[in-house]
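please work out how this folds:
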Amino acid sequence: MSRRKAAAARAARREPPARPEELVRRRSGDFWQRFITGTTSSYPYRCPGCDQLIPPATPHFVVWPDVPSLLETDGINERRHWHQHCWQRQS
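The predicted structure is shown next:
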């Protein structure tokens with residue numbers, strides 16, 4: 001599939017552009033985010049934004065802090081799974 005067709009297919013599904021990881025700035029700090037497509041998620045997760053389950057095979061974001069908390073050595077240990085709209089509402 002050409003790059004143009006892939007971008008059009010993502011736009012039709014309302015998925016953000018494919019990027020492995022991206023650092024974003026929020027009021028609460030800097031966070032790494034990764035978009036997970038529905039084909040790669042096989043477990044249900046609880047979204048911290050709305051406290052609802054994210055069913056398996058649902059596109060969503062995995063987010064972790066750039067700077068880990070005091071007792072952690074790496075922010076990846078603090079990763080959370082967010083619905084797309086819940087994470088995009090966070091500022």
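
show the contacting residues for residue 81.
Neighbouring residues of residue 81 by C-beta atoms under 8 Å, 6 or more residues apart in numbering: 36, 45-47, 54, 60-63. Every C-beta, even on glycine, is put in place using the N, C-alpha and C of the backbone.

next one, pLDDT for it please.
On the pLDDT scale, residue 81 is placed at 95.

which residues does it form a beta bridge with?
Per DSSP bridges, the residues bridged to residue 81 are residue 62.

ok, the nearest residue to residue 46 once chain neighbours are set aside - how many residues close by?
Closest residue in space to residue 46, ignoring its immediate chain neighbours: residue 53 at 5.9 Å, by C-beta to C-beta, 6 or more residues apart in numbering. Using other C-beta atoms under 10 Å, the number of residues around residue 53 comes to 13.

so who does residue 53 touch?
Contacts of residue 53 by C-beta under 8 Å, 6+ apart are 44-47.

of all these, which comes closest to residue 25?
The nearest member of the contacts of residue 53 to residue 25, counting by C-beta to C-beta, is residue 47 at 20.9 Å.

what's the closest residue to that closest one other than its chain neighbours sitting at in phi/psi?
Counting by C-beta to C-beta, 6+ apart, residue 83 is the residue found nearest to residue 47 once chain neighbours are left out, at 4.8 Å. Main-chain dihedrals, residue 83, degrees, to the nearest 10: phi -60, psi 150.
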